[in-house]
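Asker: give the three-dimensional model of this entry:
(one chain, ligands or ions: 1)
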Amino acid sequence: MLIRREQTKDERAIAAVHGEAFAAADGPGAAEARLVDLLRAGGTLVPALSLVAQVDGEVGAGIVGHVAVSRAELGGRPSLGLGPLGVLPRWQRRGVGSALMHAVLAAADALDATELVLLGDPQPY
Ligand SMILES: CC(C)(COP(=O)(O)OP(=O)(O)OC[C@H]1O[C@@H](n2cnc3c(N)ncnc32)[C@H](O)[C@@H]1OP(=O)(O)O)[C@@H](O)C(=O)NCCC(=O)NCCS
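Answerer: Residues are numbered from 1 along each chain as shown. Below is the predicted model:
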């Protein structure tokens, strides 16, 4: 499994990952399925911190998980928001989500980020 930055060619596969992950968790029509596209279109997604998990031999693009980080403001100062994090249901409980979280925290640290605010349900994190 490779954890790397998302690229333009991954956008459809990323939307499919969140669509499947959140439909399985929250039911069809979950808002998070479209959230990444909205953040990207709004220009707030941080490309260096929006990562995919890619598996060789998996159907299609091989994208099985994704974590998004976007620029935010907290108390009038710049901050970063982490979420959504999604893994294809058939790939869950195999360490993909943990790998994405470790990678994104290390990448944020390497960029001298001082704050990364978790957006969403804290339980899986
Ligand atoms: C949450 C999610 C990303 C975890 O991905 P994953 O690849 O299954 O996670 P891992 O296999 O790395 O599991 C790591 C730990 O996360 C926790 N975890 C995983 N899924 C969980 C869930 N649905 N609820 C609570 N805890 C969960 C467990 O503690 C697990 O450790 P364990 O294997 O010892 O039980 C995945 O279940 C998912 O896409 N869920 C739907 C979307 C979602 O809820 N995203 C998070 C909020 S934005």
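
Asker: residue of this protein with the smallest distance to the ligand?
Answerer: Nearest to the ligand, among the residues of the chain, is residue 97, at 2.4 Å (CB to the nearest ligand atom). Heads up, the C-betas are built off the backbone N, CA and C, glycines and all.

Asker: that residue is in contact with residue 89, isn't it?
Answerer: No. With contact defined as CB atoms under 8 Å, residue 97 does not count as touching residue 89 (11.8 Å).

Asker: who has more neighbours out of the two?
Answerer: residue 97 (20 against 13; other CB atoms under 10 Å).

Asker: which residues does that one contact?
Answerer: By CB atoms under 8 Å, 6 or more residues apart in numbering, residue 97 lies in contact with 65, 85, 87, 124.

Asker: that's a helix at it, yeah?
Answerer: Yes. According to DSSP: H, G, I helix; E, B strand; the rest coil, residue 97 belongs to a helix.

Asker: write out the residues of this protein neighbouring the ligand.
Answerer: Neighbours of the ligand within the chain, by CB under 6 Å from any ligand atom: 21-22, 25, 83-87, 92-98, 120-121, 123-124.

Asker: show me the contacts for the residue positioned nearest the centre of the chain.
Answerer: With distances taken as CA atoms, centre = their mean, the chain has residue 67 as the residue nearest its mean C-alpha position (1.4 Å). Contact analysis of residue 67 by CB under 8 Å, 6+ apart lists 50, 51, 82, 83, 84, 85, 86, 100, 101, 103, 104.
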